[in-house]
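1. quick one, structure for this:
(chains A and B)
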There are 2 protein chains.
Amino acid sequence: MSHKSRGINAERDLIHKFWSQGWAALRAAGSGSSKYPSPDIVASNNVRKLAIEAKLTTEKKKYFTGKEIQELIIFAQRFGAEAWTAIKFYHQPWYFLSTEDLEATKSSYGVTLPLAQRRGLTFEEIITL
Amino acid sequence: MSHKSRGINAERDLIHKFWSQGWAALRAAGSGSSKYPSPDIVASNNVRKLAIEAKLTTEKKKYFTGKEIQELIIFAQRFGAEAWTAIKFYHQPWYFLSTEDLEATKSSYGVTLPLAQRRGLTFEEIITL
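-> Residues are numbered from 1 along each chain as shown, chains lettered A, B, ... in the order given. Now for the predicted structure:
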């Protein structure tokens, strides 16, 4: 399976988790290629709306680009949603981190498994905030 | 250009209209093929959220299936959004109709240009409701 397919499958798994817990969720079309800022996923339980930039990795550290984070924030502000990043390391559950909790460098935002475990929320935690 | 491509282009045009008016909007991935209910477009100005099922046609009458309308309503209720259909006839502007304003039969919901003109809202009207 290609890297892109694995990423899409992982996003679908996240969509499934939201629906199974009574939320509505959808994947955005062509996120990353769209002319306008777009998160990978939007989810809502009618009250709270989440805009999510999601990444899957088999590496020890994963990076979000400055552009990805900036566009996530812009979209979330306009849409009226909470901005979240979601990261899934190999054989680990999803962790949700706010953009402030990522390790910022000049041009990107990094996250390691220890950082995700320390500062991140699990799926069960993010839906019950 | 294929029928599908024309439809996607028309949806992109609608996305563009929303962004140009200060709204955030995105197209859903694989709407229609997704396992879960999904509209074609979600849009928000931070306060109002719209879930939109959009159709383009060169015919005189266009139909939404019962399933499309039912799933639009389910998604909108769970997500906390207004449910709208959007229809664009050849050389006409977009018209937005509530599901109750479509012409319901046993298995589908039809809309003609005269019906859209009589009961529908234009883009300018729907963003200023």
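2. what about the helices in chain A?
-> Assigned by DSSP state H, chain A shows helices spanning A:3-20, A:66-79, A:113-119, A:123-126.
3. who does the shortest one touch, helix- and strand-wise?
-> Here helix A:123-126 touches strand A:94-97, going by 3 or more CB pairs under 8 Å, 6 or more residues apart in numbering or on different chains; DSSP states H and E. All C-beta spots, glycine's among them, are computed from the backbone N, C-alpha and C.
4. run through who's touching the strand it packs on.
-> With contacts defined as CB atoms under 8 Å, 6 or more residues apart in numbering or on different chains, strand A:94-97 is touched by A:14, A:17, A:52, A:54, A:84-88, A:111, A:115-117, A:119-123, A:125-126.
5. switch the cut-off to 10 Å
-> A:10, A:13-14, A:17, A:50, A:52, A:54, A:56, A:64, A:82, A:84-89, A:101, A:103, A:109, A:111, A:113, A:115-123, A:125-127, A:129 (CB atoms under 10 Å, 6 or more residues apart in numbering or on different chains).
6. and A:Ile127, backbone torsions?
-> phi -80, psi -10 (degrees, to the nearest 10).
7. the closest residue to it other than its chain neighbours: what's it in contact with?
-> In space, and not counting its chain neighbours, A:Ile127 is closest to A:Gln21: 5.5 Å by CB to CB, 6 or more residues apart in numbering or on different chains. Neighbouring residues of A:Gln21 by CB under 10 Å, 6+ apart: A:Ala43, A:Asn45, A:Phe123, A:Glu124, A:Ile127, A:Thr128.
8. top of the residues you listed by number of neighbours, please.
-> Within these, most neighbours by other CB atoms under 10 Å in any protein chain shown means A:Ala43, with 27 neighbours.
9. residues in a beta bridge with it, which ones?
-> Per DSSP bridges, the residues bridged to A:Ala43 are A:Ala25, A:Leu50.
10. does it touch A:Ala28 like I think?
-> No - counting by CB atoms under 10 Å, A:Ala43 stays clear of A:Ala28, with 11.4 Å between them.
11. what do these two both touch?
-> A:Ala51, A:Ile52.
12. just the CA trace of the helix or strand bottoming out on mean pLDDT in chain A, in CSV.
-> Least confident helix or strand, chain A: helix A:3-20 with a mean of 89, by mean pLDDT, DSSP states H and E. Extracted C-alpha coordinates of helix A:3-20, given in CSV (Å, rounded to 0.1, in the frame of the first residue of the first chain):
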residue,chain,number,x,y,z
HIS,A,3,2.2,6.0,1.7
LYS,A,4,-0.7,8.1,0.6
SER,A,5,-3.2,5.1,0.8
ARG,A,6,-2.0,4.3,4.3
GLY,A,7,-2.5,7.9,5.3
ILE,A,8,-6.1,7.9,3.8
ASN,A,9,-6.9,4.6,5.6
ALA,A,10,-5.7,6.1,8.8
GLU,A,11,-7.9,9.2,8.3
ARG,A,12,-10.8,6.9,7.5
ASP,A,13,-10.2,5.0,10.8
LEU,A,14,-10.4,8.3,12.6
ILE,A,15,-13.6,9.2,10.8
HIS,A,16,-15.0,5.8,11.9
LYS,A,17,-14.1,6.5,15.6
PHE,A,18,-15.9,9.8,15.5
TRP,A,19,-19.1,8.4,14.0
SER,A,20,-19.0,5.4,16.4
